[in-house]
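Asks: Here's a sequence, model it:
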Amino acid sequence: MKKDYGKVLWLILVILFITLIVRMAYLPSAYGFWFPFILTFIICGVGVGAVGAILAGILDLVLKKYTFQKLFIILSSIIVVGLHIYVYAPPLKIIVPNDFTGEVNLVVHPDNEKNLRIDSNGIGYITKSIYIGSRGDKKPWVYLQNGERVYPKRIVGYDSLFFFGHGSFNGKAALKFKVEKE
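Replies: The predicted model follows:
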């Protein structure tokens with residue numbers, strides 16, 4: 001008796017695809033939730049579908065043992081998992097002095113060191129990979145030195161599409177955001 005795992009593979013692909021769409025829709029955006037959700041759904045649907053179909057077609061010519069459908073599901077699942085890995089980056093955990101308000105400058109450290117404990121002047125240090133990578137796009141988790149989390153509405157970004165504003169501080173590249181008063 002031969003078992004067919006096609007339905008299970010489709011279910012796995014659909015679950016992975018839906019979780020990817022939701023994860024990408026929650027990336028910081030000035031356009032709310034629905035516009036990025038619909039745009040992401042269309043781009044990922046067409047991208048994963050087209051690339052998966054092309055790769056499955058090529059492999060179908062080489063591997064006669066498997067059906068086009070199974071090759072498509074497996075390759076599309078691999079693409080979606082790759083996109084999950086690419087999109088995932090935990091937000092930065094930044095510690096500010098108690099009762100801190102004002103601008104925070106996360107300056108790229110010349111020795112590529114990271115110190116996310118902000119001083120009283122609002123300066124902290126990040127690595128170049130954080131500056132250019134996707135971790136610089138997400139709203140950070142900001143905590144006071146006493147361990148209390150800063151209310152997210154007090155944390156304000158400068159960029160309309162992503163969270164951090166990109167600029168310079170004393171001639172060095174920096175990510176910027178504000179912590180407002182309660």
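Asks: for the host helix or strand of residue 20, what is the average pLDDT?
Replies: When elements are assigned from DSSP states H and E, residue 20 belongs to helix 6-25. Averaged over helix 6-25, pLDDT sits at 85.
Asks: So which bits of the very next helix or strand once past that helix are buried?
Replies: Remark: after helix 6-25, the chain's next helix or strand is helix 34-62, criterion DSSP H and E. Going by neighbour count (16 or more other C-beta atoms under 10 Å), the buried part of helix 34-62 is 36, 37, 40, 41, 44, 48, 52, 53, 55, 56, 60. Just so you know, the C-beta spots here come from the backbone N, C-alpha and C atoms, and that holds for glycine as well.
Asks: try stretch 103-118
Replies: The neighbour-count check on stretch 103-118 (16+ other C-beta under 10 Å) flags 104, 105, 106, 107, 108, 109, 116, 118 as buried.
Asks: who does the first one bridge with?
Replies: Beta-bridge partners for residue 104, by DSSP bridges, are residue 177.
Asks: ok, residue 133 - how many residues close by?
Replies: When neighbours are defined as other C-beta atoms under 10 Å, residue 133 has 12 of them.
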